[in-house]
Each structure stands twice: as C-alpha cells, then as structure tokens.
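> Make a model of this:
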Amino acid sequence: MASPTQQKSPSRSRFVLRWYVWLLLVIAAAYGLAFAMHWDDRGVLWVLERFESKAEQKESVWLPDYQVVIDAKPLPGMEKDEASDLAYNPQTRTLFAVMGKNAFLVELTLQGDVLRKMPLVGWSNPEGLTVMENGLLAIVDEREHTLSIVKVDAATRELNIADFPKYDLGPSKDQNKAFEAITWDPRNQRLILGEERPPALFTWKSDGGQTLQGDKQKLASDQLDLRNLSALAVDPRTGHLLVLSADSHLLLELDEAGKQVSFMTLLGNFNGLKDTIPRAEGMTMDEDGTLYMVSEPNLFYRFEKHR
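This next block holds a predicted model:
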C-alpha cells in the first residue's frame, strides 16, 4: 500500500492540469494577437532599420520620421463609395482619388477638400490610379483585368471608357485578388503594376502617353513581406517605391534595387495616428515628400516628415 507521501492528491493533479491549460491558452492568444496585428511582418523590418546609417536615411524616404497632420478626415458624401486609390498631379498640385464601389473620379486639394466629381462610365471596379504625363491618368479595373489611359483637364466632367485606349492585363493567380495597384515611374519611363494577392510587381514600358510599349514584365518582388498589396507610389526625389498593404497595416519603402529600406505602421498610437487606419487602399507622394493616403470607406490622411 502506497504511503501518503507517495500518493498524488487529485486536487493537486487538477491544479497542475489547469495550469498547463491556462498556459496553452495564453500562448495561443498571444500568437493570435501577433498574427492579427501583423507583428511578424514588422518585426524583421524593425530590426533591419536599426542597421541603416544616418547617411542612408537621408538618401531615402525614411518612413519612421513621418507624422500624421490630417488624421481620418471624412470625404463628404462618399461614405458608401469605397475610396480605392489616390494620385498626385504635379501640374495642378491637386490630388485625384478613385472610388471603387460606385465608380467615379474625384479631384481634391492637398488638404483633402473636394473640388469636383467625375463619373466613370463603363468601369466595373476601378481600384488603381496614377498620374502620367500631360494630364493623362491610368486607371486599373480589378474586376475586368484592364488598364485604361484617360485624359483629364479642367473642363472634364465625365469619363467614358469607350473613348480611351484599353489594355488587357491578363489572368492572375487569384482572379478575385488581381491587379489593384499602379504608379507612374518617370525616371525609368514605365508603369509599375501590383497584384493584390499574392503580392507581385510588374512593369510596362511607356513614354508617358496613351500607347504602351511591348507587354508587361514580371519584376522581382521577393522583398514583399506583406499579406496583400493595395497601392503603389514612386517618390519623385529618390525614385524609391512605396508599397501599401491594407491587410498588414503597413507602408513599405523599397530602393531601386527592390531592397527593403524602411516602413511605417498604420496602427493607432504610431506616427501620430489617433486610431488604426481602417483599410488603407490608396497612397501617393508629392515632390516635397508629403505623403497622402485614403482609406475605406471615405477617410483622408496627410503625413509630413518631422525630423
């Protein structure tokens, strides 16, 4: 017969079991939180930033130095239109935003005030937008897998897709998460296109006009540690590429070789943000380095460098 010291108390066994269960629950909850907040995306990038010298920082956009100066300003009357992308026009020093659910183009001041709205007749789901040369804008329709190059001037009140050249972007790995992002790269005379998921980059040569040259080409994109790709912009000062991810709550900077340089989180309490940007879908940058962003459903943001 076992002595009392050799016997395990049932209550003690239950306590040990409960302790292990609670530990597993805490670990699972912590992992779930890290996954939901995308800390895995940002952790490696944060470490890499520690090795950048001051000189390298000055030669880049260096997103950690940006602070929000216009935070979640509503675009009036667009609550149900889903702001999808944003582009800066250096000729007019205004912004153009495209709405994806109810297709139209809207011109904005640099403070996010509405100047005019232009219906997009014939577009199904316009998601990507960029300003090219001489008043030309390129619009990507994600659902139709097409790229249209349109002319917009001060007299434009409506755009009909039948009036402009249209290019087939071809199939994507995920037809429901296809080409969503586009930006004009004036240094290299090309358009850069982005597939949403899995994130991928392509280029298409152009002289800035309505005729594209050849066909689109796949661009190395192994540095895209993102859950999806929402928007693209080229910094006109450095030529660096900015990549926006709504799912990762992240803005990433790549140099001209495609190497990761810096990042900015879009979570609340970071970079001056009061709250997390709900779903950042569009982004652009002007020649002064000021950063502009739109989020679904109809929110406008402006960031400036503060160091």
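> got any ranges where the stretch 51-200 of the chain has weak pLDDT?
Low-confidence segments of the stretch 51-200 of the chain, defined by pLDDT under 70: 51-53, 174-176.
> quick one, helices of it?
Remark: helices assigned in the stretch 51-200 of the chain by DSSP state H, counting those that start in this stretch are 54-58.
> which residue ranges form the strands in it?
Counting by DSSP state E, counting those that start in this stretch, the stretch 51-200 of the chain has strands at residues 66-74, 83-89, 94-99, 104-108, 114-121, 126-131, 136-141, 146-151, 159-160, 166-168, 179-185, 190-195, 200-206.
> Kindly reformat these as CSV containing distance to T238.
Yep, even glycine has a C-beta here, placed from its N, CA and C like the rest. Below are the strands of the stretch 51-200 of the chain laid out as CSV (distance: least, C-beta to C-beta, whole Å):
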stretch, distance to T238
strand 66-74, 14
strand 83-89, 15
strand 94-99, 21
strand 104-108, 25
strand 114-121, 29
strand 126-131, 18
strand 136-141, 22
strand 146-151, 26
strand 159-160, 32
strand 166-168, 28
strand 179-185, 12
strand 190-195, 15
strand 200-206, 18
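> So which of these is nearest H306?
H306 sits nearest to strand 66-74 of all the strands of the stretch 51-200 of the chain, at 4.6 Å, using C-beta to C-beta.
> Can you name every helix or strand that that closest one contacts?
strand 299-305 (3 or more C-beta pairs under 8 Å, 6 or more residues apart in numbering; DSSP states H and E).
> hmm, who's touching the strand it packs on?
Identification of contacts with strand 299-305 by C-beta atoms under 8 Å, 6 or more residues apart in numbering yields 62, 65-75, 83, 108, 110-112, 264, 271, 277-278, 289-295.
> Show the buried residues in those residues.
Among the contacts of strand 299-305, those scoring as buried are 62, 65-66, 68, 70-72, 75, 83, 108, 112, 264, 271, 277, 289-295 (criterion: 16 or more other C-beta atoms under 10 Å).
> how deep is S221 tucked in, by neighbour count?
Other residues near S221 come to 18 when the count uses other C-beta atoms under 10 Å.
> Enumerate every residue touching M264.
Per C-beta under 8 Å, 6+ apart, neighbours of M264: 63-64, 66, 250-251, 270-271, 303.
> Please apply the same query to E253.
60-63, 235, 240-243, 260-263.
> Please tell me I have it right and N160 contacts V121.
Yes - under the criterion of C-beta atoms under 8 Å, N160 makes contact with V121 at 4.4 Å.
> list residues touching both of the two?
With C-beta under 8 Å, 6+ apart, N160 and V121 have no common neighbours.
> how close does L110 get to A155?
22 Å (C-beta to C-beta, to the nearest Å).
> Identify the residue spatially nearest to G112, adjacent ones excluded.
Using C-beta to C-beta, 6 or more residues apart in numbering and skipping the chain neighbours, the partner closest in space to G112 is F300 (3.7 Å).
> meant to ask about G122, not that
For G122, the closest residue by C-beta to C-beta, 6+ apart turns out to be I161, at 3.3 Å.
> what residues are up against the spatially closest residue to R116 that is not a sequence neighbour?
Excluding its sequence neighbours, the residue lying closest to R116 (C-beta to C-beta, 6+ apart) is E107, at 5.1 Å. Listed by C-beta under 8 Å, 6+ apart, the contact partners of E107 are 94-96, 114-118.
> Any of these buried? List them.
The buried subset of the contacts of E107 (16+ other C-beta under 10 Å) comprises 94-96, 117-118.
> Using TSV, lay out those together with distance to M132.
Shown next, in TSV, are the buried ones among the contacts of E107 (distance: C-beta to C-beta, whole Å):
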residue	distance to M132
T94	15
L95	15
F96	12
K117	21
M118	17
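> Tell me the one of these nearest I149?
Nearest to I149 among the buried ones among the contacts of E107, with distances taken as C-beta to C-beta, is F96, at 13.7 Å.
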